[in-house]
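> Build me a model:
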Amino acid sequence: KRTVSGARTDIISHGTTRFLFMNHKFTLFGKLGIAFLSLISLVGSCDGFKPSLGSPSVYCLHQYTMNKAWKSHYGQASLATKDIRLLRTTSNRRNSVISLQALEFASPEFATFPQQVFTAVNFLVLPFWAGMIFLPQSSLTKTVMESTTPILLCAFLHLSMVAYGLTQPGSAEEFQFLATQGFVKLSAMQEMRQSPVFVSEEWAHVLAWDLFVGRYVYLDGLSKKIPTPHSLFFTFLLGPLGLTMHLITRAIILKDISSLTKF
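Prediction:
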């Protein structure tokens, strides 16, 4: 929120976003930009979210253009027509500058073996996903992803975490609890997630399977000349949704509805 010309104007509130989307004078990019700012504002209001205030780093949106400045009905407030930058809060009440809190990213942890495996598998899969999504036609990407090496590397990290967990005191009791309670009750699974060993093992498990599915989508797209970046992006984020998008895309392009049920 910003006080401009004596009037309190909630620039990135829900009401403002709704007004901007209803106003045809703003470009589509302008509307999407305001929606993004509104989302950041919403996230910032959540409990436990404590980002650092306006970093001197370049946290700004350059060349954000709108057709006309927005005149606030509270006074003479307006948004600049050419550049809206995310900078430190200033005391200038007439020149409206949107200041947002810069997101702070955590540093990787390496103190324990579960932390090391968790960090390693996180960074291991990123180059493979980046190659498939952004450089799908690269000979390097094709060579790497046609090999099973990426999957085997993830599998190795997962198995190392399983082996480590089995050597820990109380592992037999935990496995029994998982088999008899964790697969049945959500509350039991939540209790299991208090264990760093379990979380690291399950995370490596999930990332390995996601990469396995992503590799299938990528190679299937290459063989059938079907675009896959959108499907791979959602496979990376949401797993099954991305696979479903690929099957639908394939059915539309090949004009074969029966392909939805085939792999």
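> Residue 167 and residue 113, how far apart?
To residue 113, residue 167 is 10 Å away according to C-beta to C-beta, to the nearest Å. Backbone N, C-alpha and C define where each C-beta goes, glycine included.
> Looking at these two, which is more packed in?
residue 113 (16 against 8; other C-beta atoms under 10 Å).
> how near is the closest residue to the more buried one other than its chain neighbours to residue 230?
In space, and not counting its chain neighbours, residue 113 is closest to residue 164: 5.5 Å by C-beta to C-beta, 6 or more residues apart in numbering. According to C-beta to C-beta, residue 164 stands 37 Å off from residue 230.
> re earlier: my reading is that the residue nearest to residue 113 is in a strand; is that accurate?
No: in this structure, residue 164 is helix, not part of a strand, as judged by DSSP: H, G, I helix; E, B strand; the rest coil.
> so it touches residue 112, yeah?
No: with contact defined as C-beta atoms under 8 Å, residue 164 does not count as touching residue 112 (9.8 Å).
> the more surrounded of those two?
residue 164 (18 against 13).
> who are the neighbours in contact with that one?
Contacts for residue 164 (C-beta atoms under 8 Å, 6 or more residues apart in numbering) come out as 113, 114, 117, 197.
> likewise residue 177?
188, 192.
> Please tell me the pLDDT value assigned to it.
Looking at residue 177, its pLDDT reads 93.
> Please report the distance of it from residue 211.
29 Å.
> which residues touch stretch 223-237?
Against stretch 223-237 from outside (C-beta under 8 Å, 6+ apart): 129, 132-134, 136, 210, 213-214, 217-218, 220-222, 241-243, 245-246, 249-250, 253-254.
> same thing but 6 Å
Residues outside stretch 223-237 that contact it (C-beta atoms under 6 Å, 6 or more residues apart in numbering) are 129, 132-133, 213-214, 217-218, 221, 241-242, 245-246, 250, 253.
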